[in-house]
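Chemist: No sequence on hand, only this structure:
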C-alpha cells in the first residue's frame, strides 16, 4: 500500500495539534502551578487556617486568665491556695487524697513530749555559740 504524499501532509496538522493538546494536559496536571500542586497548596492552607484558629483560641483563653488575675483578688487567692498550698494565719490546711494507696497516718507524726529529767542525772546545758567579733573604734 502506498500512501499518497498529499494525504499525509493534510493529516500532519491534526497530529501536531493532538500532541500539543496531550502535552498541555500533562503540563496542567503535573507541571509547576498545575492541578496537583494546587491541591497540595489548598490542603496546606486548610491545615494552616485550622492551626491559626487553635492558636487564636489559646491566646484568647490566656488573655482572659490574665485579665481575671489582674482585676480579681479572689482569683489570685484561689490560685495561691490551690497550687501553692498557702493558708491565711489562723487557718488549718487539711489535705485529702483520692489515692487509695495513700497512707492514713499523719504526715508529721505526733511525738510525745519528753518527761521531766530524772533527779539523778544533771540537766544537759547547751553549748554556747561563739559570737561574732565586732571592731570598736
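Modeler: Received it, and whenever you're ready, just let me know what you need. Since the model is a prediction, treat every value here as computed from it, not as a measurement. Numbers count the residues shown, from 1 in each chain.
Chemist: Which parts of this protein are helices?
Modeler: 5-30, 35-71, 73-83 (DSSP state H).
Chemist: what's the closest of those helices to residue 96?
Modeler: Nearest to residue 96 among the helices of the chain is helix 73-83; the distance by C-beta to C-beta comes to 13.2 Å. Quick note: C-beta positions are derived from backbone N, CA and C, even for glycine.
Chemist: now the helices of the chain as a markdown table including distance to residue 93?
Modeler: Listed next are the helices of the chain as a markdown table, based on distance: least, C-beta to C-beta, whole Å:
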| stretch | distance to residue 93 |
| --- | --- |
| helix 5-30 | 69 |
| helix 35-71 | 22 |
| helix 73-83 | 9 |
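Chemist: could you dump those to JSON lines with distance to residue 98, mean pLDDT and mean neighbour count?
Modeler: Converted to JSON lines, these look like this (distance: least, C-beta to C-beta, whole Å; pLDDT from 0 to 100; neighbours: other C-beta atoms under 10 Å):
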{"stretch": "helix 5-30", "distance to residue 98": "60", "mean pLDDT": "80", "mean neighbour count": "10"}
{"stretch": "helix 35-71", "distance to residue 98": "26", "mean pLDDT": "90", "mean neighbour count": "10"}
{"stretch": "helix 73-83", "distance to residue 98": "15", "mean pLDDT": "76", "mean neighbour count": "11"}
